[in-house]
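Enquirer: Sequence first, then the predicted structure:
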Amino acid sequence: MPKLVDREIAQGVLTGPSRFECEITSRSSHHTEVIKREFLAAANTFEPFEQQLDSADREFVGKLRRDLADELHLP
């Protein structure tokens, strides 16, 4: 059962939980591969919403996609 923790709420135009660390574990290596492939397949859907990311976050997402494509032997 997940542990629920009280978190601060970020204030602004949109509200939501402040950043927090978490670890997500898939059920199997097959599930992990499906998640990675689907994440890469969804890149075109997410890219328009990523234009507002700061440069560090944009760089992180780009590197993650490149590393996953290499790992999965995709072009």
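Expert: Looks like it arrived, so ask away.

Enquirer: any idea where the helices of the protein begin and end?
Expert: Shown for the chain, the helices assigned by DSSP state H span residues 29-41, 43-46, 55-71.

Enquirer: ok now the first one, how far from the chain's centre?
Expert: On the basis of C-alpha atoms, centre = their mean, to the nearest Å, the separation between the geometric centre of helix 29-41 and that of its chain is 12 Å.

Enquirer: Next: the second one.
Expert: Distance of helix 43-46 from the chain centroid (C-alpha atoms, centre = their mean) equals 12 Å.

Enquirer: Show residues contacting it.
Expert: Contact with helix 43-46 is made by residue 65, as judged by C-beta atoms under 8 Å, 6 or more residues apart in numbering. For every residue, glycine as well, the C-beta is placed using N, CA and C.

Enquirer: what residue lies at the spatial centre of this protein?
Expert: residue 61 (7.6 Å; C-alpha atoms, centre = their mean).

Enquirer: Wait, that residue touches residue 51, no?
Expert: No - using C-beta atoms under 8 Å, residue 61 is not in contact with residue 51; the gap is 11.5 Å.

Enquirer: sorry, back to before: okay if I get the helices of the chain as a markdown table plus mean pLDDT and distance to residue 20?
Expert: Formatted as a markdown table, the helices of the chain follow (pLDDT from 0 to 100; distance: least, C-beta to C-beta, whole Å):
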| stretch | mean pLDDT | distance to residue 20 |
| --- | --- | --- |
| helix 29-41 | 94 | 20 |
| helix 43-46 | 93 | 21 |
| helix 55-71 | 93 | 16 |
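
Enquirer: out of those, which comes closest to residue 8?
Expert: helix 55-71 (20.1 Å; C-beta to C-beta).

Enquirer: Need the helices of the chain in JSON lines (columns: distance to residue 12).
Expert: Compiled in JSON lines, the helices of the chain are given as follows (distance: least, C-beta to C-beta, whole Å):
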{"stretch": "helix 29-41", "distance to residue 12": "27"}
{"stretch": "helix 43-46", "distance to residue 12": "21"}
{"stretch": "helix 55-71", "distance to residue 12": "17"}
